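Enquirer: What would the 3D arrangement of this be:
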Amino acid sequence: MTAPSSRPRRRLLAGAGMLAVSVAVFAVLAAFAVFVPLAFQEDPQAPATAVTAGALATAASAPSSRPATQAEAQAALTRAAAALRAGDRAAYRAALPAAGKPARRALGALFRHLSPLPWTTFALTAVPIESAPGRFDVFANGRLGRTGPGDRVGGERVLELENRDGEVVAVADVTPTDIEREYLMAFHDPVTVEGDGVLVIADRTSKGRAETLAEAAATASPRLRLVGVKPDEQVLVSVYSSLDDVKASLGGGPDEDRIRFFSNAGPRLAAEPWRIRDVGVLGPSLDGTGDWLPHMLSHEFAHAYTGQWFAKTEHAPTFLMEGLATAVEGGRDWTPLKEEVASGNQLWPLTDAIGTGNLWMGTSTDDVRLAYLEAASVVHYVLERWGLAGLRPFLQAVADSDLSEQGLDGAAREVLGVGWNSFYRGWREYVAALQ
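Expert: Okay, the predicted model is just below:
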């Protein structure tokens, strides 16, 4: 399915001890009060400027502070990023000290969630908020293992930074609560497991599930050859412990709660999406999947690699994307589709199904499965009759049309050399013969 982050203790004195200390302090202060006037009486001969000079010296020694500039903020964040990647907590705190619990908590969360991960490159990037001097949108980003992109966003914090006598200090955290756990910050205690063409990230409590997925990748990746895909980079697979973690990481999605396995564009600093999508898995849904697990993973790998096919087309029809993924997945029983086509293709008329924006909305799970079968059969039909050379160009031509029957006719004629009526008749015959 495609779919669209230890406190010091205060020691208290017992009542009797506090009373004794108070009495002693009072006695000292009383004595001090007697002798201070005598010791510091003004010398009538002393020049009046002596007191003024002392006051100026005191003022000069007071610490100065002002909002940090972007250059100052970035320099401090660069040092902190190097320490985080090295896992050096002391150096991290020294590179960017924090004043106050909220700022310490914000910086500590970034270190705790992101330092255990295998960053190949890592940066903390300061984006100034023009309306508030010294306030920065700070993005934790980099290349995670051998997955792309190189500017993957792992976490985000909005911090107020001051220059205090030449040292940049985080003085406030004003991060909106709805983005505190976005991206990789949704993992409470993250671990990673590497497999064949895959890097799996999960909470430590789900490490067993992550290892199972990494093992399944060895079977899942080769299935992509069916649609002409040769995996050339690791895919990031996120195993979430709960649906709440999924929604926190993705900033609210997916909208359909029945979705347990999905692909999504990896978040990055650049505006354009990375060419390979991420895969997301709701961890508890893996339990009991058995032999079906590699099929599921190959389905999502197909989304990860073929989503880019529709990056520049007018539309990205769910039907076509799910057709590619379900064809790669394999192992489906064609009986429901054969019955649907034999009865006149009434439930999901092929022309209407291709133009449907969301196959899930208002649809039963059985009907969604039927739509997936129909979409996969179109992919298999094109492959059998026109081969790999015709598959991608035809799907892109369909996606670049207006998705009407006239548009589908134009796409079929342009790429396959047949009109839509001929294509439709051939597809129905193909489905009838499926085993």
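Enquirer: Tell me the confidence at residue 340?
Expert: Residue 340 carries a pLDDT score of 97 in this model.
Enquirer: what's the neighbour count on it?
Expert: By the measure other C-beta atoms under 10 Å, the count of residues near residue 340 is 20. To be clear about C-beta, it is placed using only N, CA and C from the backbone, and glycine gets the same treatment.
Enquirer: buried set for whatever helix or strand it lives in?
Expert: For residue 340, the element it lies in under DSSP states H and E is helix 335-342. By 16 or more other C-beta atoms under 10 Å, the buried positions in helix 335-342 come out as 336, 337, 338, 340, 341.
Enquirer: got the residues you listed as a markdown table, with distance to residue 191 columns?
Expert: Converted to a markdown table, the buried residues of helix 335-342 look like this (distance: C-beta to C-beta, whole Å):
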| residue | distance to residue 191 |
| --- | --- |
| 336 | 40 |
| 337 | 41 |
| 338 | 45 |
| 340 | 44 |
| 341 | 47 |
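Enquirer: circling back to that earlier point, on contacts alone, who are the packing partners of the helix or strand following the helix holding residue 340?
Expert: With elements assigned by DSSP H and E, the helix or strand that comes after helix 335-342 is helix 350-355. With contacts defined as 3 or more C-beta pairs under 8 Å, 6 or more residues apart in numbering; DSSP states H and E, helix 350-355 has these neighbours: helix 318-329, helix 365-386, helix 405-415, helix 420-432.
Enquirer: Would you mind telling me which of these is nearest residue 265?
Expert: For these, the distance to residue 265 is smallest for helix 318-329, at 12.9 Å, taking C-beta to C-beta.
Enquirer: sec struct for the closest residue to residue 138 other than its chain neighbours, please.
Expert: Excluding its sequence neighbours, the residue lying closest to residue 138 (C-beta to C-beta, 6 or more residues apart in numbering) is residue 157, at 4.9 Å. Of the three states, residue 157 takes strand under DSSP: H, G, I helix; E, B strand; the rest coil.
Enquirer: for the one 5 residues further on, same thing?
Expert: Taken by three-state DSSP, the conformation at residue 162 corresponds to strand.
Enquirer: show me where the protein has strands.
Expert: Using DSSP state E, the strands found in the chain span residues 65-67, 119-128, 135-144, 152-164, 167-173, 190-195, 198-203, 235-240, 261-264, 278-282.
Enquirer: nearest to residue 393, of those?
Expert: strand 261-264 (22.6 Å).
Enquirer: That closest one packs against which elements?
Expert: With 3+ C-beta pairs under 8 Å, 6+ apart as the test, strand 261-264 has strand 278-282, helix 293-306 packed against it.
Enquirer: okay, those in JSON lines with mean neighbour count and distance to residue 110 next?
Expert: As requested, these are exported to JSON lines (neighbours: other C-beta atoms under 10 Å; distance: least, C-beta to C-beta, whole Å):
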{"stretch": "strand 278-282", "mean neighbour count": "24", "distance to residue 110": "20"}
{"stretch": "helix 293-306", "mean neighbour count": "25", "distance to residue 110": "27"}
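Enquirer: With respect to residue 403, which of the ones you listed lies nearest?
Expert: By C-beta to C-beta (comparing all of the helices and strands packed on strand 261-264), the closest turns out to be helix 293-306, at 18.4 Å.
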